[in-house]
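Visitor: 3D, please:
(2 chains)
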Amino acid sequence: DAGVTQSPTHLIKTRGQQVTLRCSPKSGHDTVSWYQQALGQGPQFIFQYYEEEERQRGNFPDRFSGHQFPNYSSELNVNALLLGDSALYLCASTRQGPNYGYTFGSGTRLTVV
Amino acid sequence: AQSVTQPDIHITVSEGASLELRCNYSYGATPYLFWYVQSPGQGLQLLLKYFSGDTLVQGIKGFEAEFKRSQSSFNLRKPSVHWSDAAEYFCAVTSGTYKYIFGTGTRLKVLA
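Guide: Prediction:
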C-alpha cells in the first residue's frame, strides 16, 4: 500500500518564476494538507483541501494556491517565487472522521535562486 | 495563541541511555497530540498519538509518551536509545480540525 507520494523530489527555480508541486494521497485518504518546512524549523501549515475545496488556510500569501482533483490528488502552486520560499514542502493526507493523524510524504525540496 | 514549545533544540545521549524529549503546548480546546520523527532529507514519520483515554501511550520503535493535562505537557521517552534513533523529533497539536501546529523540533545525537 503506497503512502503519500510527492513529485518532484527536488526542484530549482529562479526568483519570479512559478512552480507546481504534486501530491498523491495514501489510499483511502480524502483530505490533503500542505506544509512548508524551512531549514531548521518545524512544518508550517499552508492549507488543507477536502472535496476539491480549500477548507483551511494558514498565514501564507495569495501567491500560494492549490487544487484538489476528484481522485483526491493535489497540487500546490507558488507564483512570483521569492528566495524565502526555499524550503521542504510536505504533503500530508488523512481521512474524515475521528482524527487518524496525518501520513506525510517525503517532501519536495524547493530551492529558489 | 496556540503554540507548541520544545525547549531543547539539541540533545546528546549515549547509546543505551534513557531519553526524554520535552513538549509543552498552549491550546484552548481539548488537544490531540502527536510525536513525529524526521531523518535528514526525509518526511515525517508518526511515532505515536494521543487522542483520549490512557495518558501513557505506546508508539513504534520502543517510544512512549505521557500526557499531563495539569502541566500542558506531552513528553516523549525511550528507556534505551539506539544509534539509529538519531534524528529530529517534532511534537504537534491539533484540535481535530486537521491543522497541526508543530514545535520547532529537537535534534537528537547519539554517541556510540
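
Visitor: mind checking the backbone torsions on residue B:9?
Guide: phi -80, psi -40 (degrees, to the nearest 10).

Visitor: what's the closest residue to chain A within chain B in contact with, if anything?
Guide: Relative to chain A, the nearest point of chain B is residue B:102 (3.5 Å; Cβ to the nearest Cβ). (Each C-beta comes from the backbone N, C-alpha and C, glycine too.) Counting by Cβ atoms under 8 Å, 6 or more residues apart in numbering or on different chains, residue B:102 makes contact with A:42-44, B:4, B:90-92.

Visitor: ok, now residue A:95?
Guide: Contacts of residue A:95 (Cβ under 8 Å, 6+ apart): A:28-31.

Visitor: Spell out which parts of chain A neighbour chain B.
Guide: A:4, A:31, A:33, A:35, A:40-45, A:48, A:56, A:58, A:90, A:92, A:94, A:98-99, A:101-107, A:109 (Cβ under 8 Å from any Cβ of the partner chain).

Visitor: repeat that with 10 Å
Guide: A:3-4, A:6, A:9-10, A:31-33, A:35, A:37, A:40-45, A:47-48, A:50, A:55-58, A:88, A:90-92, A:94, A:96, A:98-107, A:109 (Cβ under 10 Å from any Cβ of the partner chain).

Visitor: List the contacts of the nearest residue to residue A:44 once chain neighbours are set aside.
Guide: Nearest-residue entry for residue A:44: residue A:36, 5.0 Å, with adjacent residues in sequence omitted and distances by Cβ to Cβ, 6 or more residues apart in numbering or on different chains. Shown in contact with residue A:36 (Cβ atoms under 10 Å, 6 or more residues apart in numbering or on different chains): A:43-46, A:58, A:60, A:64, A:76, A:78, A:85-90, A:107, A:110.

Visitor: Ok, residue A:5 next?
Guide: Counted by Cβ under 10 Å, 6+ apart, residue A:5 has contacts A:22-26, A:73, A:91, A:93, A:105-106.

Visitor: any idea which element the residue in chain A positioned nearest to chain B lies in?
Guide: At 3.5 Å from chain B, residue A:42 is the closest residue in chain A, using Cβ to the nearest Cβ. Secondary structure from DSSP states H and E places residue A:42 outside every helix and strand.

Visitor: pLDDT value on the residue lying closest to it once chain neighbours are set aside, please?
Guide: Distances taken as Cβ to Cβ, 6+ apart put residue B:102 closest to residue A:42, at 3.5 Å, once the chain neighbours are dropped. Per-residue confidence at residue B:102 stands at 95 (pLDDT).

Visitor: before we move on, which element is the residue nearest the centre of chain A in?
Guide: Taking Cα atoms, centre = their mean, the centroid of chain A lies closest to residue A:34, which sits 3.1 Å from it. Using DSSP H and E, residue A:34 sits within strand A:31-37.

Visitor: and the following helix or strand past that strand, which residues are buried?
Guide: For strand A:31-37, the succeeding helix or strand toward the C-terminus, using DSSP H and E, is strand A:44-50. For strand A:44-50, the neighbour count (16 or more other Cβ atoms under 10 Å in any protein chain shown) marks A:44-50 as buried.
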